[in-house]
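Asker: next input, structure requested:
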Amino acid sequence: QVQLVESGGGLVQAGGSLRLSCAASGRASRAYAMGWFRQAPGKGREFVAAINWSGGSTYYADSVKGRFTISRGNARNLVYLQMNGLKPEDTAVYYCAAINSGTYSTIQGEYDYWGQGTQVTVSS
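Answerer: The predicted structure follows:
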């Protein structure tokens, strides 16, 4: 079992930045690829970014490419999402997820573990 805990959400003005963190603990937590998803009010959960186990490969949704950066800590049980140039449409609950594979996926159904989420609100 792997436990995921997100932190770093909050309220920020448009154009501002936030950094989300996800701490993974539990069995073999270092061997998992990780992803970030988000769910805006009244909408379904959508893929944001993902990173493979080694941290050497990343992938982004077109809507955040060039503004968001996903990375892993040296211990690989920490994953970060640096969000710059935030827009009101980025407002959502952001979820960290882990997949039981070294290779990431953009499909939420393929992820095995999920955090509880952290709220990000961007004001205009």
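Asker: and residue 34, how far is that from residue 114?
Answerer: Relative to residue 114, residue 34 is positioned 11 Å away (Cβ to Cβ, to the nearest Å). Placement of C-beta: from N, CA and C, glycine included.
Asker: which of these two has more neighbours?
Answerer: Between residue 34 and residue 114, counted using other Cβ atoms under 10 Å, the more crowded position is residue 34 (29 against 17).
Asker: doesn't the more buried one fall inside a strand?
Answerer: Yes. Residue 34: assigned to a strand according to DSSP: H, G, I helix; E, B strand; the rest coil.
Asker: what's the closest residue to it other than its chain neighbours in contact with, if anything?
Answerer: Distances taken as Cβ to Cβ, 6 or more residues apart in numbering place residue 79 nearest to residue 34, at 4.4 Å, with adjacent residues excluded. Contact analysis of residue 79 by Cβ atoms under 8 Å, 6 or more residues apart in numbering lists 21, 22, 24, 34, 36, 51, 70, 71, 72, 73, 96.
Asker: tell me the contacts of residue 37?
Answerer: Counting by Cβ under 8 Å, 6+ apart, the residues that residue 37 touches are 45, 46, 47, 48, 94, 95, 97, 108.
Asker: secondary structure element for it?
Answerer: Residue 37 is located in strand 33-39, with elements delineated by DSSP states H and E.
Asker: continuing past that strand, what's the next helix or strand?
Answerer: Downstream of strand 33-39, the next assigned helix or strand under DSSP H and E is strand 45-51.
Asker: strands paired with that next one, and their directions?
Answerer: Here strand 45-51 is paired, per DSSP bridges, with strand 33-39 (antiparallel), strand 58-60 (antiparallel).
Asker: how many neighbours does the closest residue to residue 32 other than its chain neighbours have?
Answerer: If the residues on either side of it in the chain are set aside, residue 32 comes closest to residue 98, at 4.1 Å by Cβ to Cβ, 6+ apart. Residue 98 has 23 neighbours, counted by other Cβ under 10 Å.
Asker: alright, I will stop here.
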